[in-house]
Every structure is written in structure tokens, then in C-alpha cells.
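Peer 1: Quick one: sequence plus predicted model below, questions after.
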Amino acid sequence: MVKALKGVLVQCDPSIKAILLKIDADSGNEYIIEDLDEETLFVKESKVASLKEKLKVTLRETVRENTDSDSE
Amino acid sequence: MNASSDTMTANPQALEVLQGFPGTKLEQLYRQPSTALAVFRRMLPHLAKTIVMAMLYMPNPFLASDLDAWIRPDAVAEKEQALLVLTSLHIMSTSLQAQGPRAYILGKAFAKSLRQALTGSGEHKSFGVPCRPPGNDVVDVKTLDDHARRQWEDILYYMVGSTTVGVEGQSHISDATKSLLELGNFVDKRGRITQTGFTFLLQEVNAQVWSLLIVYLNRAPELLKMDSVDILSFIFMLGSLELGQGYSTANLSSTQKQMLDDLGDFGIIYRPSLKTPIFYPTRLATTLTSDASALHSSAAAPTPTFDTGLAGGSGAASKGYIIVETNYRLYAYTESMLQISVLALFTRLTMLFPNMVTGRLTKTSVQRAIAQGITADQIISYLAAHAHPQMLKSTPVLPPTVVDQIRLWQIEGDRMTTTSGYMMIEFATEAEYRDTVEYAETVGLLVWKSDAKRCFFVNRIEQIRSFMSNRRAARA
């Protein structure tokens, strides 16, 4: 019998996916329902916002960005 | 952009609300010819209109096989879409004859009302009862436009006012409207604009009016003990009225009389005095169910472009005022604080002159806007819609570098795209999987699939469900 699972499909670069997998592993598999392919994950709907937030924090810590694009 | 926006003349929000109504309530609604006509004109995709027109005077159920013969094979997706809208609005249903081939019939109430609307028959008074004011005190169109603009801009002012210093204290909107904006989640409890509010602000006026009316429709029944059918049929009736004509309040239901006050606050209708039993629809009302643009787009200048904008009479689009250069500099020829504060949402404004402001689109300013919930596409379409006539001479209107960069700034902040929906798994046979996934692809619901794992992801499920049960029924 066919089943329908509610959730959120997350599509991203493989590099971002690696970070997401790490976040998930560190938190005891709280976020991801299934790892679908290189660029796709199936995530619990209630957890998407917090996953996004964690990704942002991680990126801010690791990636140094050029911030002087504002100069006149 | 969204492919369906071309074929659908409808306002998507209004359509969604109607689809959420139970069948009995829709049936009640369709008894008003004005409602039936408005739904027909505004909510249906073109193909659905054609089907309804063809079936309107058909005495017998319309065979599904005949319908299939009418539709070109390459337009199956459109046909499915049309049928889905028609059935979800309870305009059309599958005929209930136990034996015999599948056939469609139009809902009785809808068909009767639409026929009445088209031929002008019946004593329904659902298109309003025109009346002349006592003492020939006719209200002219300009007064109506002034009223509509003032009321509506006050609402917008109130919303942007919370973000920009210096605009505060300029708006005078009623407490009822304030609490409505709060209920609709356009502003939060402290009166600060929210993400939904930003999206609201950058929409066309017509879409804004609908958004607000839908909040009203959702909330009024519980708060003010109003009947939602009455509210909605009044809204649809307003859409069919004529600008500059006065209408009698005598034949309105008690709910609808109660609504007059609130709609007056929004600037959708105008009442010269509370004593005379007469109201005038403004341009905001008469464009509700048509394609013509109401006022002009969100931030219209109150004084300078006023004459050019509305004196044209047909609600002609306002003159644009924004110039964007390839070096991200932006010049806006406006004096309106409202327009300036909208621009300030995503621009770093540097100088203010008597008749213009200058600024620059920067990574920080655009990403700040995006963090607040404005999308890059909204910014781009706002800039394009309000481009200065000088800019309109070139194609594309906006410098491509700027457009691309705004999009890139958005992507940079958002490293993953998320789609909520349903994962379909555990298909029994390969054939079942293949048929369903093909169907999902034709109707445009498919987001992701894996043939190897025999599963796929769709953003909506109702249509898939009915397809699968039809398929099973056909097999049985």
C-alpha cells in the first residue's frame, strides 16, 4: 500500500549537505528523516527553521566573507 | 516565474479561501448571480471558463469521453487543472448515475445564477440597487478616489511607519483596522511590521485589498458574529458595481450593513453621511473582480503624481519614478514619505532632496530586507513596476547586472531550498509508481523523484490522492 509521509524536502549543494548531516549527527538525528541523494534530504517539518538557523551559525563561524562591498 | 499565473486570471488567495469553503456554503453563495459571475470571471482558468460556457445550456450530463475529445492531447495538464478547480469550487461534479459512462454536470445553483447574470433576468437585486441621493447631492469620482486613496494610504503608512523614523504619527486609522492588521499578522502586538506585512506592502493594490478582506472574512464571523456567506457575497457584489453610482443600503442584510463601517475605514466604499441610506463604491471596490488596476500600485504619491495617475479616469498606472543605474545607484523622483519608506526597506538612502532621494542598493541593505522576509523577486518587480519613463525606453527595463546581483545576494543568504509537502513511498508495482509519478509531473506537482528507490516528492497531495483512487477504480 502506498504511503504519504509529510515533511520538507531540502535541496542544497553537496558541501552544504555535509554540514547539515554533521549538525544532524551532533544532535542525535533530530532533524533528518532520510538522506535521499547527493543534493537532497528529507527533513522533519517542525525542525526546518532550527536547522536553517544552525546552518547559518555554522557558516558564519567557518566562512570568512568579504564585507567591504558597501563602500561608496 | 510561476507558470500558472499566466493562465489563471484569478487572485490565488481568494481562490484558496473559496476552495476551503464547504460545499453547502458554496451552494448558498452561488444563489447570488453577482457571486456566480464574479467567480466565473475571476477565479477560473481560461479552459475552465470555456468548459462552463459550453455546458451552461446543456440539458444532459456531459460525457467525460466527449470532453476528452475536445481537449488536445498536449493540454492534458491544463484540462486536469481546470477540472480540479471546477470540482473543488463545487461548480461541476461527476454525474451520479450509477450505471453508464462517467459524465459531468454543473451545480444547479451556479448554473442558474450564471444564466441569470448573463441574461439579466430574475428579481435578485444582487447587482445592487442604484439610487439617487436626496437633493441631487451627487458625489463625483474625484471625491471617491480621494477618499479611497487617503484611507488606504493611511493603512500602509501605519504599517511602514513602524520601521522608519520620521513617518510616525501621520496615520489615523481606526482601532478596528489596527486590530485587523494585527490579526492578519501584518503587524505584531507592538504595532511593528512583520514578514507577512512586508510581503503585503510590496503587492499590487488589488492584491492588498484582497489580503485584507480575506483576513476580515476569516476573523469577522467569530469576532462580530457575522455570516461568512453574507460577507463574501457582499464583497463579490461590490466588485460588480459601477464607479460613481450611488447604491441603496436598504436591501442589505444586517451583516452587510455592519460591514459598511469597516469597508468605509478601508476606503473601499464611501458614505457621504451615516444618516442617508446610500453608499458609493470606490475604485478599490469596483476593481475587486476585474483586471483593471486599482489606484496605482502600493506607494502612490499623494500629491504630485495624483493628477496624472487618476485623472485619466480609467485608473491608469502611475508614472514611474525610480531610476537604477548599473553601478547600483538609485534615484527616486518622489516626495511621498510612503514611497521613500518603502524604498528604505531595501535601499541605503543617502540624500534627500525636495523632489527626489538618492541611494544605493547594497549587499547589506538587500540582505537586511531578505532577512525580514522580502524576496529578491519582490524587490526586482517593485523596481521594475515603478521604473521611471526614461528607464522604460530600454529593454530590459532594469540593468541586468543589478537584477542578477540582487538574486545572488538572496541565494548567498539562503544556501538551501526547502519545499514542504509529501513523500510518496512503498508503491506496490513498478506500473503504479510510473503512472503516478508521470501524472504528478504533468500536473506540475512533482518536486523530486528517485526511480531507483521508487519514491517521489510532491508539494500537494489532494490531486495525487484522487488520481490514485481513480486509477484503482479503473482497474477494478
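Peer 2: Nice, I can see it.

Peer 1: so B:His386 makes contact with B:Tyr321?
Peer 2: Yes - the criterion here is CB atoms under 8 Å, and B:His386 meets it with B:Tyr321 at 6.1 Å. Any C-beta I mention is one placed from the backbone N, CA and C, and that applies to glycine too.

Peer 1: so what sits against both of those two?
Peer 2: B:Gln339 (CB atoms under 8 Å, 6 or more residues apart in numbering or on different chains).

Peer 1: How far off centre is whichever strand or helix holds B:Ile105?
Peer 2: Element membership of B:Ile105 [criterion: DSSP states H and E] is strand B:103-106. Distance, stretch centre to chain centre, for strand B:103-106: 29 Å (CA atoms, centre = their mean, to the nearest Å).

Peer 1: and that strand, which residues are buried?
Peer 2: By 16 or more other CB atoms under 10 Å in any protein chain shown, the buried positions in strand B:103-106 come out as B:Ala103, B:Tyr104, B:Ile105, B:Leu106.

Peer 1: Stretch B:466-476 now?
Peer 2: Buried, per 16+ other CB under 10 Å, within stretch B:466-476: B:Phe467, B:Met468.

Peer 1: Can you add distance to chain A and pLDDT and give the buried residues of strand B:103-106 back as JSON lines?
Peer 2: Below are the buried residues of strand B:103-106 laid out as JSON lines (distance: CB to the nearest CB, whole Å; pLDDT from 0 to 100):
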{"residue": "B:Ala103", "distance to chain A": "28", "pLDDT": "85"}
{"residue": "B:Tyr104", "distance to chain A": "27", "pLDDT": "89"}
{"residue": "B:Ile105", "distance to chain A": "31", "pLDDT": "88"}
{"residue": "B:Leu106", "distance to chain A": "32", "pLDDT": "90"}
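
Peer 1: Give me the contact list for the helix or strand that the strand holding B:Ile105 is followed by.
Peer 2: Note on strand B:103-106: by DSSP H and E, the next helix or strand toward the C-terminus is helix B:108-119. With CB under 8 Å, 6+ apart as the test, helix B:108-119 has contacts from B:27, B:30-37, B:39-40, B:52, B:55-57, B:90-91, B:121-122, B:124.

Peer 1: Go back to the residues you listed and keep what's next to chain A.
Peer 2: The subset of those within reach of chain A, by CB under 8 Å from any CB of the partner chain, is empty.

Peer 1: from those, which ones fall inside strands?
Peer 2: Using DSSP state E to define strands, no part of these is located there.

Peer 1: Now which of those would you call buried?
Peer 2: Of the contacts of helix B:108-119, these count as buried by 16+ other CB under 10 Å: B:27, B:30-37, B:39-40, B:52, B:55, B:90-91.

Peer 1: out of the residues you listed, which one sits closest to chain A?
Peer 2: B:His90 (24.8 Å; CB to the nearest CB).

Peer 1: How about the contacts made by that closest one?
Peer 2: So B:His90 contacts B:Gly23, B:Leu26, B:Glu27, B:Gly107, B:Phe110 (CB under 8 Å, 6+ apart).

Peer 1: Below-threshold pLDDT in chain B: ranges please.
Peer 2: Where chain B drops to pLDDT under 70, the residues are B:1-11, B:96-99, B:124, B:133-137, B:161-172, B:290-319, B:413, B:476.

Peer 1: got a list of contacts for the longest strand anywhere in chain B?
Peer 2: Looking across chain B with DSSP E, the single longest strand is strand B:416-425. Outside strand B:416-425, the residues that touch it by CB under 8 Å, 6+ apart are A:2-12, A:16, A:20, A:34, A:42-43, A:45, A:48, A:52, A:55, B:436, B:447, B:454-461, B:464.

Peer 1: just checking, what packs against the next helix or strand after it?
Peer 2: Using DSSP H and E, the next helix or strand after strand B:416-425 towards the C-terminus is helix B:430-442. Applying 3 or more CB pairs under 8 Å, 6 or more residues apart in numbering or on different chains; DSSP states H and E, one finds that helix B:430-442 contacts helix B:76-88, strand B:446-450, strand B:455-458, helix B:462-475.

Peer 1: which helices and strands sit right next to the last one?
Peer 2: With contacts defined as 3+ CB pairs under 8 Å, 6+ apart, the secondary structure elements packing on helix B:462-475 are helix B:430-442.

Peer 1: now the helix it packs on and helix B:462-475, what's the angle there?
Peer 2: 140 degrees (axes from the mean of the first three to the mean of the last three CA atoms, to 10 degrees).

Peer 1: can you give me the strands in the stretch 151-300 of chain B?
Peer 2: Here the stretch 151-300 of chain B has its strands, by DSSP state E, counting those that start in this stretch, at B:247-248, B:269-270, B:278-281.

Peer 1: same question, chain A
Peer 2: With DSSP E as the criterion, chain A has strands spanning A:3-12, A:32-37, A:40-43.

Peer 1: Identify the residue nearest A:Ile23 in space, chain neighbours excluded?
Peer 2: Closest residue to A:Ile23 apart from its sequence neighbours, by CB to CB, 6 or more residues apart in numbering or on different chains: A:Lys54 at 5.1 Å.

Peer 1: okay, now the closest residue to B:Asn218 other than its chain neighbours: neighbour count?
Peer 2: Distances taken as CB to CB, 6+ apart put B:Val17 closest to B:Asn218, at 7.8 Å, once the chain neighbours are dropped. Neighbours of B:Val17 under the rule other CB atoms under 10 Å in any protein chain shown: 17.

Peer 1: next one: B:Ala207
Peer 2: Count around B:Ala207 with other CB under 10 Å applied: 19.

Peer 1: Roughly how far does it sit from chain A?
Peer 2: Counting by CB to the nearest CB, to the nearest Å, the gap from B:Ala207 to chain A is 26 Å.

Peer 1: you'd agree that residue is up against B:Gln13?
Peer 2: Yes - the pair B:Ala207 / B:Gln13 is scored as a contact, 7.4 Å apart, by CB under 8 Å.

Peer 1: Closest to the centroid, which residue in chain A?
Peer 2: Note on chain A: the residue nearest the mean C-alpha position is A:Leu20, at 4.1 Å, using CA atoms, centre = their mean.

Peer 1: residues in contact with that one?
Peer 2: A:Val10, A:Cys12, A:Tyr31, A:Ile32, A:Leu41, A:Leu51, A:Leu55, B:Met416.

Peer 1: neighbours of the fifth one, just the number please.
Peer 2: Here the neighbour count serves as a burial measure; for A:Leu41 (other CB under 10 Å) it reads 25.

Peer 1: Which strand residues bridge it?
Peer 2: Beta-bridge pairing for A:Leu41 (DSSP bridges): A:Val10, A:Asp35.

Peer 1: report the longest helix in chain A, please.
Peer 2: The longest helix of chain A (DSSP state H) is helix A:48-62.

Peer 1: which strands and helices sit next to that one?
Peer 2: Under the contact rule (3+ CB pairs under 8 Å, 6+ apart), helix A:48-62 is packed against strand A:3-12, helix A:14-26, strand B:416-425.

Peer 1: and chain B, which residues reach chain A?
Peer 2: So far as CB under 8 Å from any CB goes, chain B lies against chain A at B:348, B:360, B:362-364, B:415-428, B:432, B:436, B:447-448, B:450, B:453, B:457, B:461, B:464-465, B:468.

Peer 1: Narrow the residues you listed to just the buried residues.
Peer 2: Neighbour-count burial (16+ other CB under 10 Å) is assigned, among those, to B:348, B:360, B:362-363, B:415-416, B:418, B:421-425, B:427, B:432, B:436, B:447-448, B:457, B:461, B:464, B:468.
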